[in-house]
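Enquirer: fold the following and give me the result.
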Amino acid sequence: MADKKKVVIGMSGGVDSSVAAWLLKEQGYDVTGVTMQIWQEEEELVQEENGGCCGLSAVDDARQVAWKLGIPYYVMNFRKEFKDNVIDYFVHEYLQGRTPNPCIACNRYVKWESLLKRSLDIGADYIATGHYARIEKLPNGRFALRKSATAEKDQTYALYSLTQDQLARTLMPVGEYTKDEVRKMAEDLELPVAKKRDSQEICFIPDHDYAGFIDRSGEKVPPPGNFVDTEGNVIGRHKGITHYTVGQRKGLNLSMGHPVFVTEIRPETNEVVIGDSQDVFTNRLYCSNLNWMAVPGLDGKAREFTAKIRYSHKGAECLVKDLGDGRAECVFKEPQRAVTPGQAVVFYEGDYVAGGGTIL
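Expert: Residues are numbered from 1 along each chain as shown. Here you go, the predicted model:
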């Protein structure tokens, strides 16, 4: 391109962002690689054994790839941003009886808001990532995420909260390819990360012991309390509300003679509500913290979408109504399992993200 646009790409040391950097260079961009330093303490680097993207080996891998590709490479410190917007948020939500999605918070406030600001400050035109998603400008003038070319790796759900300005300044080159194609490109280029495993979902809790992480956070953790049934009868004792999430069956240690599930968490009374399988289903949810993408909003009206209530959810038809107070009501045509407060609900029109919010 005649006027070479400058791009800062977030490099996690993984195969996706590495290939994305190469694709951008091939497309004629002036590419600079950056790894976001978000790990909190040196001893936590054990997470590298689990394929994490938060530690020093990620820096080493990304630096090697940048050298191989012949692009400048830097490490930027985002420790404070990550702690304030991801770790503290994660702990606070669990203490309130909700189940957060820290990856969504990290995408919105660290990988985009903070990285984009710093990149623009050093003269970049765009930032880029290795996410499996596509960005398009629609006929209505709005920018929107479009599902990636490979459904099994599509990551649009975790990116629904990006703003119009962020989308306008972002490139996602691997969204046009399958994971197999990306790995094949990495192998052909002889990149050192070609066979590297994908990172874990929550990089700062490599052992998946969320309750243990919260216990060590220094916050006042709710004590053990009562398991109650849907009618309020006490049926046992729980270890503390941070150990549970809606829809959970394992680890309850209740002898009920049939499978039972967590249906609700009540932080105000320190109770965990237990029910049968049918009690985990509902056809209605409410959400707040709305972010509209392909559409500017609902203007008090109702509109049909396909909604996903978790990353692995296939999506279900629903009618979404703007309640006019910063909330929306979502009514599904068929009952959905384990609608979980704190998680995201993301609305789609075809392949495009219309918007989304946080489940109440």
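Enquirer: kindly format the C-alpha coordinates of stretch 13-25 as PDB.
Expert: The C-alpha trace of stretch 13-25 is given here as PDB (Å, rounded to 0.1, in the frame of the first residue of the first chain):
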ATOM      1  CA  GLY A  13       3.300 -16.100  22.000                       C
ATOM      2  CA  GLY A  14       0.700 -18.400  20.400                       C
ATOM      3  CA  VAL A  15       0.200 -19.600  16.900                       C
ATOM      4  CA  ASP A  16      -2.800 -17.500  16.100                       C
ATOM      5  CA  SER A  17      -1.300 -14.100  16.800                       C
ATOM      6  CA  SER A  18       2.000 -15.100  15.300                       C
ATOM      7  CA  VAL A  19       0.300 -16.000  11.900                       C
ATOM      8  CA  ALA A  20      -1.800 -12.900  12.200                       C
ATOM      9  CA  ALA A  21       1.400 -10.800  12.400                       C
ATOM     10  CA  TRP A  22       2.700 -12.500   9.200                       C
ATOM     11  CA  LEU A  23      -0.600 -12.000   7.400                       C
ATOM     12  CA  LEU A  24      -0.600  -8.300   8.100                       C
ATOM     13  CA  LYS A  25       3.000  -8.000   7.000                       C
END
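Enquirer: so what's the gap between it and the chain middle?
Expert: 20 Å (Cα atoms, centre = their mean, to the nearest Å).
Enquirer: for that stretch, which outside residues touch it?
Expert: Contacts of stretch 13-25 with the rest of the structure, by Cβ atoms under 8 Å, 6 or more residues apart in numbering, involve 7, 9-11, 31, 33, 35, 53, 57-62, 65-66, 69-71, 128-132, 171-174, 182-183, 185-186, 189, 191, 193-196, 198-199. Heads up, the C-betas are built off the backbone N, CA and C, glycines and all.
Enquirer: now, which of those lie within strands?
Expert: 7, 9, 10, 31, 33, 35, 128, 171 (DSSP state E).
Enquirer: so where do the strands sit in the stretch 1-150 of the chain?
Expert: Assigned by DSSP state E, counting those that start in this stretch, the stretch 1-150 of the chain shows strands spanning 6-10, 30-37, 73-77, 126-128, 133-137, 143-147.
Enquirer: out of these, deepest packed?
Expert: strand 6-10 (a mean of 24; mean count of other Cβ atoms under 10 Å).
Enquirer: between whichever helix in the chain runs longest and strand 30-37, how many degrees?
Expert: Scanning the chain for the helix with the most residues, using DSSP state H, yields helix 56-69. Relative orientation of helix 56-69 versus strand 30-37 (axes from the mean of the first three to the mean of the last three Cα atoms, to 10 degrees): 170 degrees.
Enquirer: okay, and for this structure, where does confidence drop off?
Expert: Of all residues in the chain, those with pLDDT under 70 make up the ranges 1-2, 40-56, 200-201.
Enquirer: check contacts around residue 286.
Expert: Contacts of residue 286 (Cβ under 8 Å, 6+ apart): 323, 327, 328, 329, 330, 359, 360.
Enquirer: hang on, the fifth one packs against residue 344?
Expert: Going back to what we said before, that points to residue 330. No: with contact defined as Cβ atoms under 8 Å, residue 330 does not count as touching residue 344 (11.8 Å).
Enquirer: please, a PyMOL command that selects the buried ones among the contacts of stretch 13-25?
Expert: Entered in PyMOL, the line below selects the buried ones among those, by 16 or more other Cβ atoms under 10 Å:
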select buried, resi 7+9+10+11+31+33+35+53+57+58+59+61+62+65+66+69+71+128+129+130+131+132+171+172+173+174+182+183+185+186+191+193+194+196+199
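Enquirer: how about the nearest residue to residue 202, chain neighbours excluded?
Expert: residue 102 (5.9 Å; Cβ to Cβ, 6 or more residues apart in numbering).
Enquirer: okay, now the one you found: neighbour count?
Expert: Neighbours of residue 102 under the rule other Cβ atoms under 10 Å: 21.
Enquirer: report the contact partners of it.
Expert: When contacts are taken as Cβ under 8 Å, 6+ apart, residue 102 is in contact with 86, 87, 89, 90, 202, 204.
Enquirer: okay then, goodbye and thanks.
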